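[1] model this:
(2 chains)
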Number of protein chains: 2
Amino acid sequence: MVVVSNRGPLSFTIDDEGGLIARRGAGGLVSSLAPLVRGTGATWMAAAISDGDRAAAGGGVIEAEGFRFRSLAIDPDVYRMAYDVISNGTLWFLHHGLFDLPRRPRIDRRWREAWDAYRHVNHVFARALIDEAPEGATVLVQDYHLALVGTWLAQQRRDLRAVHFTHIPFCGPNALRLLPTDAAEELLVGMASHASCGFHARRWADNYVSCCREVLGLEPSTFVSPLAPDHDDIAAVSDSAACTDEMAWLDGKLGGRKLILRVDRIELSKNLLRGFHAFDDLLQTRPEWRGQVVFGALVYPSREGLVEYLSYRQEVEGLARLVNERWGTADWTPILLDMSDNFPRSVAALKRYDVLLVNPVRDGLNLVAKEGPLLNTNDGVLALSREAGAWEELAPAALEVNPFDVAGTADVLAVALAMSAEERADRAIALRKLVEMRTPRDWFDEQLSAARAER
Amino acid sequence: MVVVSNRGPLSFTIDDEGGLIARRGAGGLVSSLAPLVRGTGATWMAAAISDGDRAAAGGGVIEAEGFRFRSLAIDPDVYRMAYDVISNGTLWFLHHGLFDLPRRPRIDRRWREAWDAYRHVNHVFARALIDEAPEGATVLVQDYHLALVGTWLAQQRRDLRAVHFTHIPFCGPNALRLLPTDAAEELLVGMASHASCGFHARRWADNYVSCCREVLGLEPSTFVSPLAPDHDDIAAVSDSAACTDEMAWLDGKLGGRKLILRVDRIELSKNLLRGFHAFDDLLQTRPEWRGQVVFGALVYPSREGLVEYLSYRQEVEGLARLVNERWGTADWTPILLDMSDNFPRSVAALKRYDVLLVNPVRDGLNLVAKEGPLLNTNDGVLALSREAGAWEELAPAALEVNPFDVAGTADVLAVALAMSAEERADRAIALRKLVEMRTPRDWFDEQLSAARAER
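    The predicted structure is shown next:
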């Protein structure tokens, strides 16, 4: 088995004597995959990102921390273009529907160079697989950074059984038309060249199928396999001393008030602004909740290299300040905006919330919506966007949020806050059951099955 | 027959003695419809917009200028909310895909009031039809301002044969989810309550059908009937002295250079910014065209009551200035930005262009793309967005523009400018033939047929 992904399970730094020091890689995908791959003997290929990674790339497969890791050297400028302009600046925006279309995207000469860079990066991965993957191996290609890898495998290594898994949404045919026709075709051909393409939700798979029908005139193979959180992993953090300390800190901040919580990256798709607007509306329309509830927003900056993210963060901070100025009193700060990226604190808050607000405008899955109910010890209510992939699984026990509907979101928050203890308990039990129906292992095994299925 | 539309064929002012003075109404829809309805004896109902209109509304049907006109009184504040917030601020943005989704739309309490106002305005129209339409009359309901009229007609006047015609695009199911579920259902039920719904292009009809299937679980009746310009009308202006004067003015400005032309409202969907970026790219990548070509942008402000339009206009002006500063010389201004809304000048420019750029990000039809080839006497090339409804008819003889692709648009402009005289002539003839295949009368008659067809 070979796993390929943009980031790997290890990253390297160079010490004073020029030696390589391996560390655990970061990122959501790696956290989910690493425990499943560790110790299996599978090779994991990823892009060399740091100088240390590039030094490691010269050494072939490196065995460390239970991984057989292969770091792939890519020219840093080429990698940056592919990653910033195409993966995060185009495909992420496209599939999440984040473009301000009168202005963006602007497919210019630089974009075309970046698309060539994206193709090149994908080809580096394909080349390594073609040269190094064992005969008949199963290949798990992860995410939108690597949509084209299948193209070359289908041409040169038909013995391999490769599946592609997309961790983000997939857009419909109307949106795909934003891309130049040749790029759209190349993208879909690349994905459809895998034995099958997996998604976290039926809706994204259906969109992908519609795109393939309309653009390529073919019916691709897909499978739907939502990821789940690792119960043990979460339990371990939940029981840690750090988490207990953070719980004490949080209790001090709350002073016995109710907690509406969100835990997110500061990310355009996460819909932080409308969350605050909804809270503002709640305080406006339901005076009885003034002074009685805190909106904890544990959110941490990301991708601040893209100007859109920097300005979004500023809007988020500005709006939180505005709401706090409008409603705050000497002893009550309505919004607790915490950007410290403190994992034990997030876990403590997830144990404690009364209402968890997960209101993305679009989201491939949203793991927080599943981690919350597993961790929570307070019969907390989940207010969940119908645009999150997790909605397909959790709808029976969550409250439905239309993320564009600020007034509707406020109404949902009010219902959640006022819900009877019985209903809260019933829903909390039901949610936990729904989440516990799947493990990361199920997700992983379903990729293997899809790879091995006869077409 | 009864025609209903937001704006009517007449508008009224009050003279010093309190008498009503009727004038011809303005707007693209009215210009197309008025000659078809005049003298037929049909009643035309429209909203009372000015104080004069509201005074006229008290008088029942007014006969003037060949029309039997019925002005409907609506509370001005209610009308404004329906028109600004829902019709132009929501439905227009939704169907054209213009929302910056991380921020807009924001469905708040005010939006819900506005939706009630929209329903109320639609009900005023329905009420008038219910009370006043002759037994068995054919009713032509025009455009997205009046999507709900059919609801009440289907309940209370099943003898009427009502069709709805949408002059803008229609969004797909993914986009429709921006609306609250109840509003989306109300919208689709309203439209589907007509005997049939018409669109300028197959693509918009298909989107509407997909929405009805997904949200309502029903298969609605649709028809596709693209509007066409009135040949005689255009010829009359083309032959006028005013047009001849403007042609002389334009020739003076061009000084024998080639003309790339656009004629548009300053409207987010029209994609003015990427048009200028493409021209900038053309001058950058093809130095041979520097000093040899002028980009005439005859564009006039609209909807400046909406902040998005005001700031868009400023961006348009700023970018034109930037390109002119970058490439202009003592005797050559690359972009001629004319915001004077001078109709004879637009007609003169349409007669004269070498290349007509019509690159909307989405457009129900785009009449300019059809008027240009009818008027042009210079074998001008049409560079047409594949996102315009007119693309479905004109594709065989136009050059295809992906409106998001600035580099690609520049390439198309370069091809158009360098095209051989033979190919230009062949395409111009073919375009004219395609446009002349239909008249406004065809469009009108197809609505009548759809109304009268057995289901």
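[2] my read: residue A:450 touches residue A:196, true?
    Yes - counting by Cβ atoms under 8 Å, residue A:196 is a contact partner of residue A:450 at 4.2 Å. The way it works is simple: take the backbone N, C-alpha and C, and place the C-beta from them, glycine included.
[3] shared neighbours of the two, which are they?
    A:163, A:221, A:223 (Cβ atoms under 8 Å, 6 or more residues apart in numbering or on different chains).
[4] near chain B, which residues of the stretch 201-350 of chain A?
    A:207, A:268-269, A:271, A:273-274, A:277, A:281, A:285, A:312, A:315 (Cβ under 8 Å from any Cβ of the partner chain).
[5] which one of the shared contacts of residue A:450 and residue A:196 has the most neighbours?
    residue A:163 (26 neighbours; other Cβ atoms under 10 Å in any protein chain shown).
[6] Just the pLDDT for it.
    On the pLDDT scale, residue A:163 is placed at 98.
[7] helix or strand for it, which one?
    Element membership of residue A:163, judged by DSSP states H and E, is strand A:161-166.
[8] Which other helices and strands does that strand contact?
    strand A:138-142, helix A:149-156, strand A:196-199, helix A:440-452 (3 or more Cβ pairs under 8 Å, 6 or more residues apart in numbering or on different chains; DSSP states H and E).
[9] what about the closest residue to residue A:64 other than its chain neighbours, is that helix, strand or coil?
    Of all residues not flanking residue A:64 in the chain, residue A:22 sits nearest, at 4.5 Å (Cβ to Cβ, 6 or more residues apart in numbering or on different chains). Per DSSP: H, G, I helix; E, B strand; the rest coil, the secondary structure class of residue A:22 is strand.
[10] Just to check, residue A:22 is in contact with residue A:10?
    Yes - counting by Cβ under 8 Å, residue A:22 touches residue A:10, with 4.8 Å between them.
[11] tell me which of the shared contacts of residue A:450 and residue A:196 is nearest to chain B?
    Nearest to chain B, judged by Cβ to the nearest Cβ, of the shared contacts of residue A:450 and residue A:196 is residue A:223 at 21.2 Å.
[12] A strand includes the closest one, no?
    Yes - Residue A:223: assigned to a strand according to three-state DSSP.
[13] partners of it in the sheet?
    residue A:198 (DSSP bridges).
[14] Likewise for residue A:23?
    residue A:11.
[15] Could you list which residues are in contact with it?
    A:10-13.
[16] With residue A:281 instead?
    A:406-407, A:409-410, B:108-109.
[17] Give me the buried entries from the residues you listed.
    Buried subset of these (neighbour count, 16 or more other Cβ atoms under 10 Å in any protein chain shown): A:406-407, A:409-410, B:108.
[18] can you put the residues you listed in CSV and add distance to residue B:89?
    Formatted as CSV, those follow (distance: Cβ to Cβ, whole Å):
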residue, distance to residue B:89
A:406, 15
A:407, 16
A:409, 20
A:410, 20
B:108, 12
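[19] In helices only, show me the residues you listed.
    Among the buried ones among the contacts of residue A:281, the members falling in helices are A:406-407, A:409-410 (criterion: DSSP state H).
[20] Pop the domain breakdown of chain A in here.
    With domains defined by automatic domain parsing, chain A comprises A:2-228+A:443-452, A:231-436.
[21] Please, where are all the strands along the stretch 1-150 of chain A?
    Assigned by DSSP state E, counting those that start in this stretch, the strands in the stretch 1-150 of chain A fall at A:2-5, A:10-14, A:20-24, A:43-47, A:61-64, A:67-72, A:138-142.
[22] Could you identify which of those strands has the lowest mean pLDDT?
    Comparing mean pLDDT across the strands of the stretch 1-150 of chain A, the weakest is strand A:20-24, with a mean of 87.
[23] Output that strand in PDB with nothing but the alpha carbons.
    Coordinates of each C-alpha in strand A:20-24 appear next as PDB, following Å, rounded to 0.1, in the frame of the first residue of the first chain:
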ATOM      1  CA  LEU A  20      18.000  15.600  10.100                       C
ATOM      2  CA  ILE A  21      15.600  15.700  13.000                       C
ATOM      3  CA  ALA A  22      12.200  14.100  12.300                       C
ATOM      4  CA  ARG A  23       9.000  15.500  13.900                       C
ATOM      5  CA  ARG A  24       5.400  14.500  13.600                       C
END
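[24] Name the residues of that strand that are buried.
    A:20, A:22.
[25] One more: stretch A:34-42?
    A:34-37, A:42.
[26] quick revisit: the residue nearest to residue A:64: what's it in contact with?
    By Cβ under 8 Å, 6+ apart, the neighbours of residue A:22 are A:10-12, A:56, A:62, A:64-65.
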